[in-house]
Structures are given as structure tokens and as C-alpha cells.
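> the following comprises the amino acid sequence and a computationally predicted model.
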Amino acid sequence: MKVYLDNAATTPLSDEVLNAMIPFMKEHFGNPSAIHSFGRTTRTAIENARKQVAKALNCSPAEIFFTSSGTEANNMAIKCSVQDLGVKHIITSPIEHHCVSHTTDYIEEKGLAKVHLLNVNEQGEMDLVQLDNLLASLNEQALVTVMHANNEIGTMVDLNKLKEICTKHNALLHTDTVQTIGHYPFDLQKLPINFLSGSGHKFHGPKGSGFIYINANTKIKSFIHGGAQERNMRAGTENMYGIIGLGKAIEEAYAHFEEHKNHILSIKKYMINQLLENFKDIKFNGDTSENSLYTVLSVSFPPSPKNETLLFNLDINGIAASGGSACSSGADTGSHVLNAIKADPNRKGIRFSFSRYTTKEEIDFVIEKLKSIVGVKEAVA
């Protein structure tokens, strides 16, 4: 058996999505910018995908712009806020994805804006009181950019509270929802933030397809120049079948949202229980309550000489997961997320992440393999 538990990195393409894409790989190949019938056919399909995304988020199709990825969408929101909206202060956290943290570092290095980092506790929860006080102290335009759910430890932030604080201080708000689109409901009519980013391959869509939501009242200029695509906001011939696949994937995700959520949550709870029952001194990084990202479980294994090869041994036993550890030496920077929450550098962190295709039989297989790799809990006399 081979078991894939790295769905936070990427998810398998669903059959329904693939079937929606194939005609636009083979038969309907016209350039969407062309005025002839071949182009009109593909243009119609792209606009239908835009409507699918907008319907899922309860916003206007005019507020959705397709990108190559969540990374590009995050870059666009942050850089265009500085270039076009007069942002002089960026408030973020030390546990953001590198596509956000490296972008904000670049902006600060260029002297374009000052970056402020929010404190996070041992669960990875951001200090919203600090955010409120910080925004109150600033007299220039600020952008708050934080992820909805952390991709390594699953801890989530309350977007409604964030929006309330940002509105109070007239700050712009961008959230990276790459890990939560397709897994949580969004209503952008009730939560009119400025920017939101998503990526198709995180919810069983194709790689190379992403999008950014830009609130209609937030006016920025083109991010990529050289053409009039995406209503003059992103030049370049569209990734047509990627966009169509993304639209189908998000439609499919929300059509069966409760069913998928309940299944994945049951898998996560089952794995937590099995780990606690079978192994000694097992801990978890981040929030593992029902308020956390239910697709992610970051497991902290006790100190052991076997830790260095744990991820490798999982791989050779047919199990795909991802690894991380806090910094244990100057030569090993470790996971910036685990470092920020002050995780024990002597413990090994493994992220298991689930999808609607994950089964309890697969979890049983993983538990049995872990028993042979790290050893089992000693029986109580």
C-alpha cells in the first residue's frame, strides 16, 4: 500500500476536474483574446469559471482575477498595495508562508514600507491586542497581511475580528486563504476585506492556477504588464484549462462541503486517538481543536536518534508526509513556524495532511508502520 498524507502541499486532481479540462486541452484551444468563434468559446469558458469562483465566495465576478498561483496572488496584493495604495506599514506574522514573508522582506529592504511582526503564542495564535494597539499608533496607511490558517500547524485566525480591527483603524486587509478555500465557507459580502488569495491545486484542482479577490472599492493597477488580459490587471495569455479546472474544483468542493468536512475531520480525530493510544510522549504542534484547520495535523515525536531518518523511513514504507523541526543548531535553520512558536528543537515534527480521499485503512497502515519505526507505547502493568 502507498499512502499520501501530504495534501497541504498539493491534492490529487479529481476525475470531475480532469474531465472538465480535457476538452480545452484537445478541442477548444482558441486564444481567449481572439474575436473568432474559437476564441469566443474559450473566453466563455473562462468567464464561467470566474462566475463559479465568485459564487463560492459570494462576491462579484468582476472582483475575481486569475493568477498562476497563490504565491503570485499574494505578491500582487502586497506589492500593489505599496505601489498603488500608499501603504507605508505592513503588519504580518512570523509564521506566514514564505511567499508572504519573503515579499514583505523585499519591500522593507527596498525602503518602500516598514514591516511589523505580530507576536504569536505557543499555539501559533496571533496577538490581536497588539495589532489593535499597533494600528492605533500609526499615522500612515497600513496593510495587514496574515494567513487564514497556517499551512504547517493548522492554527487559524478569526477573519471577522481581524476585519473589525482593520476597519476601526482604516487599515487594508489581505488574507492568504490557500489552505482554507474549498474547506471553509466564505461570504465576502458580509466580510468585505480588500484582498484574498487562493490556489486550485489545494482543493483538487490543477497546479498553475490561482486567483485573487480584489474588493471592488480597492483600486490597484496592473501587476504584470504587456497585455489586456484579466481586464488589464494581469497580462499574458490565460492558462485556459487550468482556470477551467479551478472553477470546476471550487464548484465541486462547495457542492459537497459538509460531507467532505465531516469525513476529513473524522480521519483527523481518528489519527490523533491512534497516535495517543499507541505511542508514548506524543504531542501536537499548534491548535488541534475543532477551531483548527481540519486537514492538517502536526505531530511532535519525542527526542530519539531515529528522528533524523523518520521522514525517510516513512517514505520508503510508502507513506508521503512532510517534515519540520525547530532550529537545533546554527547550521540548521529549521521550520520558521516551529521556531516562532518555540517548539522543542529536540523533537521531530511531521505534518500529516488529509483530503476527502483519505481513508481510516490508510491511517491504520501508517500507525502500523510507525510502530516499527519509532516503537510502541509500553504496556501498563
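Arrived safely.

> tell me which residues in the helix or strand containing residue 23 are buried?
If you go by DSSP states H and E, residue 23 is part of helix 15-26. Neighbour counts over helix 15-26 (16 or more other Cβ atoms under 10 Å) mark 17, 18, 20, 21, 24 as buried. (C-beta placed from N, C-alpha, C; glycine too.)

> with pLDDT added, can I get these in CSV?
CSV is the format used below for the buried residues of helix 15-26 (pLDDT from 0 to 100):
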residue, pLDDT
17, 98
18, 98
20, 98
21, 97
24, 93
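
> what's the closest of those residues to residue 341?
residue 17 (34.9 Å; Cβ to Cβ).

> correct me if wrong: that closest one contacts residue 248.
Yes: counting by Cβ atoms under 8 Å, residue 17 does reach residue 248; the two are 4.9 Å apart.

> what do those two both touch?
Common contacts of residue 17 and residue 248 (Cβ atoms under 8 Å, 6 or more residues apart in numbering): residue 205.

> outside of the helix holding residue 23, which residues touch it?
Applying Cβ under 8 Å, 6+ apart, the set of residues contacting helix 15-26 from outside is 42, 45, 204-206, 240-242, 244-245, 247-249, 252.

> what do you get for stretch 256-267?
The contact list for stretch 256-267 (Cβ under 8 Å, 6+ apart) reads 183, 185, 253, 290, 294-295, 354-356, 358-360, 363.

> give me the buried subset of these.
Buried subset of those (neighbour count, 16+ other Cβ under 10 Å): 183, 253, 294, 295, 354, 355, 356, 358, 363.

> ok, residue 220 - contacts?
By Cβ under 8 Å, 6+ apart, the residues touching residue 220 are 80, 81, 83, 84, 85, 214, 233.

> would you map the strands across the stretch 1-150 of the chain?
Counting by DSSP state E, counting those that start in this stretch, the stretch 1-150 of the chain has strands at residues 3-4, 64-67, 89-92, 114-117, 142-147.

> I'd like to know how far residue 296 sits from residue 27.
Per Cβ to Cβ, to the nearest Å, residue 296 is found 39 Å from residue 27.

> more neighbours: which of the two?
Legend: neighbour count by other Cβ atoms under 10 Å for residue 296 and residue 27, higher for residue 296 (25 against 10).

> so that one is in contact with residue 153, correct?
Yes: the pair residue 296 and residue 153 passes the contact test of Cβ under 8 Å, sitting 7.2 Å apart.

> distance check, residue 174 against residue 241.
Going from residue 174 to residue 241 by Cβ to Cβ gives 28 Å.

> do residue 352 as well
According to Cβ to Cβ, residue 352 and residue 241 sit 31 Å apart.

> follow-up on the earlier one: now, which of the contacts of residue 220 sits nearest residue 347?
Nearest to residue 347 out of those is residue 81 (Cβ to Cβ; 38.0 Å).

> find the residue closest to residue 238 in space, skipping its chain neighbours.
Residue nearest to residue 238 in three dimensions, not counting chain neighbours: residue 32, with 5.4 Å by Cβ to Cβ, 6 or more residues apart in numbering.

> who's in contact with the closest residue to residue 62 other than its chain neighbours?
What sits nearest to residue 62 in space, not counting adjacent residues and going by Cβ to Cβ, 6+ apart, is residue 216, at 6.6 Å. By Cβ under 8 Å, 6+ apart, the contact set of residue 216 is 60, 62, 63.

> so the first one sits right up against residue 51, yeah?
Yep, that's residue 60 we're talking about. No: counting by Cβ under 8 Å, residue 60 sits too far from residue 51 to count as a contact (9.7 Å).

> follow-up on the earlier one: let's verify the residue nearest to residue 62: helix, strand, or coil?
Secondary structure for residue 216, judged by DSSP: H, G, I helix; E, B strand; the rest coil, is coil.

> please enumerate the helices of this structure.
Under the criterion DSSP state H, helices of the chain are mapped to 15-26, 37-57, 70-85, 98-109, 128-137, 159-168, 229-232, 240-255, 257-278, 310-316, 336-340, 360-374.
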